[in-house]
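# need a 3D model of the sequence below.
(2 chains)
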Amino acid sequence: MSTLVELSGVGRDYLVGGTLVRALRSVDLDIQAGEFVAVVGPSGSGKSTLMNVLGCLDRPTRGSYRLAGVEVSSKDADERALIRNRLLGFIFQGFNLMPRTSALENTELPLVYRGVKKSERRRRALTALVRVGLEDRVHHTPAELSGGQQQRVAIARALVTDPPLLLADEPTGNLDSVTTYEVLALLQELVRQAGRTVVLVTHEPDVAACADRVVTVRDGSIVASEQKQAPADARLLLEQARQRAERVGGS
Amino acid sequence: MTALGVALRALLRARLRALLTTLGILIGTAAVVVVVALGTGARARISAEIANIGSAAVFVFPDTGMRGGTRPNAAELNDGDAAAIRLDASAVSGVTVWNTLRARAHSAYDSYRTSIMGVDQEYFSVRGFSLAEGRGFSDSEVRAKTKVVVIGSTVRRELFGTEPAVGQWIRLGRHAYRVIGLMSEKGRSPFEDQDDRILMPIGTWRSRVSPAMGRRVQLIMASAKTTAHTARAEEQIRTILRERHRLGTDLPDDFVVRSQEGFRKAQDAILDMVTGLLGAVAAVALFIGGVGVMNIMLVSVAERTREVGIRMSIGAREMDIMLQFLVEALLLTTTGGVLGIGLAALVSRALASSLGWSLRLDGTAILIAISTSILVGLCFGILPARRAARLDPVEALRQG
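Numbering: from 1, shown residues only, chains lettered A, B, ... in the order given. Predicted structure coming up:
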C-alpha cells in the first residue's frame, strides 16, 4: 500500500472581523491508497476546513500537503483546479448538481473541463452511471430524481474522471436511512472492489462505523485515529434498513 | 462550443430578462448601422450629383442680395464677363452662359410647362450633354438668332408622346420653333429633372423669349482644367470680374462664385456634423446598453455563485469560468446586434422612402454592427466574468 495523502503540520488560519481564527492548528495525517477513512468531530471542530484543504479547494496557511507524492500546498489556483480535475472527486451533502441538467450531462461535466471529446465523454459518463445503478435515469434532471438518486449521480460525477481520492462531505446528511446505507454500500464497494480511497466527513457514528478508520477532529487538531478491526457492512445494514422500512410501510 | 451551450442555456432560462437587456444594444447597433448607411448613401448621392455636373465646374451668378441698401441696383453679369473669363482665366478650360425662364410650350399634340433655356454652343460640352437624335446649333443659327430648339427627353415625352420629335414644331408665346435635336437622357439630379428643358441659342432666347434681359446672363458656368485647378480658377474669375465691375478694394463682390468642389466640401461638412451627432447618439445608446449588460451579468454571476463553486470543485480553471460568462455576455450583445441590424433595415427603408435616397445596408454596415456589439460585449462582460473567475471555491460552495 502506498501513501496517497501526507499532511504534516498543516494549519489554516482565517481572519474573521479582525480576529484570527485557527480553524486547523497543526494536523499530521497519512492516508494509504485503498483506505476508507471517516473524519468525525463536532461542528466547528475544523473537519470541513480539513476537507477543503484535502480537496485543494483551500490552501493551508502552513505545513505540507503531499497528494500522490506531489507537494500541492503551494500550487496556484489553476494548478489546483487541474489537481481537482485529475486526482479528486467530490461528493457533497447538498449533492451540488447542475439544475435543469440531465444526469448524463452532470456526470460528463468534469470531462468537459478535461477537454475530452463528446463521444468519449458520453461513453465514460454512461459507464459511471451504470456503476452507480442509474442506467435507467440518465436523461432525468435532478428535480426528477430522489435524494438518493441525486447523490448517486454526484458519485458518478466524482467517479467519471477515475480519480484516486474521493472526498465525501456529509454525503448522507440529507438522506433517509435506506438511501444513507445505499450510498455507504456504494462507497464501500468502491473501496473494496475498485481500490478507491475515500475520505468521508460525518458527524453520525452509524455512518463512521462503516469506515476502516475513524479520525476524530476537535478544536482544529486530530485527537484520535482509530483503526477498525471489523467495519460495519453497509450492504447488510441496507438490507436491515429496507426490512424495517417495509414493516413500517406494511403496518 | 460547450461554453456556448452553457451560455445559451443560461440565457434561455431567463428569456425576458435577456431580451430586455439586449434592447439597449439593439438600439445602439441599429443607430450605428443607420449612421453608416446614411453616411455612405449621402456621400454616394453627393458624388453622383457632382459627377453629373462635372467636378471641375465653377458657377458664377449675380449677387442680387441688397446689402443694407448700399447697392441699389441689382448686380448683373453679361456676355462680356463670360468672354473676359474665357480669354484671361488660365485655369479655366471652357465657359458657357445661360438664362432660364419657365414657360408653357405647345406642340401639335399637347402643351407642357418647362424650363426654356438660352445657351451658347459650349453649353453641351461644358455640361456634358450629348445628342441622341438630330443635331446641335450651328454657328450661323446662333448668329442669326434662328428659331430652333434642342429638347430633353421629358419634354419630348410630354409634348410628342411616342411620335418622333426632330423636325416637329414647338410654339412658345408668339413664336414657333423647329426641333432640330433631342438630348440623350441625363437622368434626375436631386434638385431637378435634367431632361425637362428646351434649349435654344442664347441670342434667340434674348430676342424672342425675354427681350428685357438685354445682354445680361443669369449664370456663367466655367469648367476648371482639372478638379485641382478649381481654387485657382475661382480666384482668377473673382479678380477678372472685380476689375470689370470696377469694384474698389473696400467694396464686396457683386457676384458669387461657387465651385462644385466647394459645394462638396460644404455638403461633407454638414454630413460630418449629422453623422457625428447620430454617432454620439449611437455611442450613448451602446454605452447605456453595455452598462445594462454588465449589470445583468453581475446579477447572473451572483445568482450562480454556487454553480461556479461546483464547476471549480470539479476542475474548472479561472479561464473556463471567465470564458463561460464572457460568452454569455457576448451572446447577449451579438443577439442585440443582429436584432439591431433588423431594426436598422426597417428604419433605413422608412428613411429611404421619405428622403428619396438610396440607403443600403451593405456588408460594411453589418460588419460594423457585429463588431461593435462584440466589442461592447467584451468591454462590459469582462468585469463580471473576472469577478466570477476570481471567486474562492470554498466561499462559492458555501453560497445558497
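# give me phi/psi at B:Ser47?
phi -60, psi -40 (degrees, to the nearest 10).
# that one: neighbour count?
13 (other C-beta atoms under 10 Å in any protein chain shown). Using the backbone N, CA and C atoms, a C-beta is placed for each residue, glycine as well.
# so the closest residue to B:Thr275 other than its chain neighbours is in which element?
Distances taken as C-beta to C-beta, 6 or more residues apart in numbering or on different chains put B:Gly39 closest to B:Thr275, at 4.7 Å, once the chain neighbours are dropped. Taking DSSP states H and E as the criterion, B:Gly39 maps to helix B:15-53.
# excluding residues flanking it in the chain, which one is nearest whichever residue of the stretch 151-251 of chain A sits closest to chain B?
For the stretch 151-251 of chain A and chain B, the shortest gap (C-beta to the nearest C-beta) falls at A:Arg157, measuring 6.8 Å. Spatial nearest neighbour of A:Arg157, chain neighbours left out: A:Thr107 (4.8 Å); criterion: C-beta to C-beta, 6+ apart.
# what does A:Ile83 give?
A:Cys56 (4.9 Å).
# residues near that neighbour, how many?
Neighbour count for A:Cys56, taken as other C-beta under 10 Å: 25.
# does it touch A:Asn85 like I think?
No - A:Cys56 lies out of contact with A:Asn85 (C-beta atoms under 8 Å); the separation is 10.0 Å.
# can you list the residues of chain B near chain A?
For chain B, the residues in contact with chain A (C-beta under 8 Å from any C-beta of the partner chain) are B:2, B:9, B:13, B:306-307, B:309-320, B:393-394, B:397.
# change it to 7 Å
By C-beta under 7 Å from any C-beta of the partner chain, the part of chain B that sits against chain A consists of B:2, B:307, B:310, B:312-318, B:320, B:393-394.
# all helices in chain B, in order from the N-terminus.
Along chain B, counting by DSSP state H, helices occupy B:2-13, B:15-53, B:79-88, B:123-127, B:139-143, B:153-160, B:202-204, B:230-244, B:260-303, B:305-313, B:318-355, B:363-389, B:393-398.
# which strands or helices does the second one pack on?
Going back to what we said before, that points to helix B:15-53. Other elements packing on helix B:15-53 under the criterion 3 or more C-beta pairs under 7 Å, 6 or more residues apart in numbering or on different chains; DSSP states H and E are helix B:260-303, helix B:318-355, helix B:363-389.
# would JSON lines of those helices with mean neighbour count, mean pLDDT and distance to A:Val223 be doable?
Shown next, in JSON lines, are these (neighbours: other C-beta atoms under 10 Å in any protein chain shown; pLDDT from 0 to 100; distance: least, C-beta to C-beta, whole Å):
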{"stretch": "helix B:260-303", "mean neighbour count": "17", "mean pLDDT": "86", "distance to A:Val223": "39"}
{"stretch": "helix B:318-355", "mean neighbour count": "21", "mean pLDDT": "90", "distance to A:Val223": "37"}
{"stretch": "helix B:363-389", "mean neighbour count": "20", "mean pLDDT": "91", "distance to A:Val223": "39"}
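# okay, which residue is most central for the chain?
Answering for chain A, as no chain was given. Closest to where the C-alpha atoms of chain A average out (C-alpha atoms, centre = their mean) is A:Ala168, at 1.8 Å.
# let's do chain B instead
For chain B, B:Ala42 is the residue whose C-alpha lies nearest the centre (C-alpha atoms, centre = their mean; 2.4 Å).
# which residues touch the residue lying closest to it once chain neighbours are set aside?
Once flanking residues are discounted, B:Ala42 sits nearest to B:Leu271: 5.3 Å by C-beta to C-beta, 6+ apart. By C-beta atoms under 7 Å, 6 or more residues apart in numbering or on different chains, B:Leu271 lies in contact with B:Gly39, B:Ala42, B:Arg43.
# count the neighbours of the closest residue to chain A within chain B for me.
Using C-beta to the nearest C-beta, the single residue of chain B nearest to chain A is B:Gly315, 2.4 Å away. Counted with other C-beta under 10 Å, residues neighbouring B:Gly315 total 26.
# check contacts around A:Phe92.
Neighbouring residues of A:Phe92 by C-beta under 7 Å, 6+ apart: A:Ala154, A:Asp169.
# format the contacts of B:Leu271 as TSV; extra columns: distance to B:Ser140.
Listed next are these as TSV, based on distance: C-beta to C-beta, whole Å:
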residue	distance to B:Ser140
B:Gly39	51
B:Ala42	46
B:Arg43	46
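# ok, back up a step: the residue nearest to A:Arg157 reaches A:Leu129, doesn't it?
Yes - with contact defined as C-beta atoms under 7 Å, A:Thr107 counts as touching A:Leu129 (5.8 Å).
# now the common contact residues for those two.
Counting by C-beta under 7 Å, 6+ apart, the common neighbours of A:Thr107 and A:Leu129 are A:Ala156.
# between the two, which one's more packed in?
More neighbours surround A:Thr107 than the other of A:Thr107 and A:Leu129, with 30 against 25 (other C-beta under 10 Å).
# let me see the confidence value for the more buried one.
For A:Thr107, the model assigns a pLDDT of 96.
# confirm that it sits in a strand.
No - the assignment for A:Thr107, made by DSSP: H, G, I helix; E, B strand; the rest coil, is helix rather than a strand.
# about what we covered before: tell me the angle the helix holding B:Gly39 makes with helix B:363-389.
For helix B:15-53 against helix B:363-389, the angle by axes from the mean of the first three to the mean of the last three C-alpha atoms, to 10 degrees is 150 degrees.
# quick one: average confidence on helix B:15-53?
Mean pLDDT, helix B:15-53: 83.
# report the buried residues of the one helix or strand in chain A whose mean pLDDT sits lowest.
Across the helices and strands of chain A, mean pLDDT, DSSP states H and E gives its lowest value to helix A:234-250, namely a mean of 87. For helix A:234-250, the neighbour count (16 or more other C-beta atoms under 10 Å in any protein chain shown) marks A:Ala234, A:Leu237, A:Leu238, A:Ala241 as buried.
# what sits up against it?
Helix A:234-250 is touched from outside by A:Ser177, A:Val178, A:Tyr181, A:Glu182, A:Leu184, A:Ala185, A:Gln188, A:Cys210, with contacts defined as C-beta under 7 Å, 6+ apart.
# and if we set it to 8 Å?
The contact list for helix A:234-250 (C-beta atoms under 8 Å, 6 or more residues apart in numbering or on different chains) reads A:Ser177, A:Val178, A:Thr180, A:Tyr181, A:Glu182, A:Leu184, A:Ala185, A:Leu187, A:Gln188, A:Asp206, A:Cys210.
# circling back: A:Val39: which of the helices and strands packed on helix B:15-53 is closest?
A:Val39 lies closest to helix B:318-355 among those, at 28.9 Å (C-beta to C-beta).
# run a quick neighbour tally on residue 26.
Let's take chain A. Residues within reach of A:Ser26, counting by other C-beta under 10 Å, total 15.
# to clarify, I was referring to chain B.
Number of residues near B:Leu26 (other C-beta under 10 Å) recorded here: 25.
# likewise for A:Thr3?
13.
# partners of the nearest residue to it once chain neighbours are set aside in the sheet?
Nearest residue to A:Thr3 in three dimensions, chain neighbours excluded: A:Asp30, at 5.4 Å (C-beta to C-beta, 6+ apart). On the basis of DSSP bridges, A:Asp30 is bridged to A:Glu6.
# what helix or strand is the closest residue to chain B within the stretch 1-150 of chain A on?
Going by C-beta to the nearest C-beta, chain B is nearest to A:Asn85 of the stretch 1-150 of chain A, at 2.4 Å. Secondary structure from DSSP H and E places A:Asn85 in helix A:77-87.
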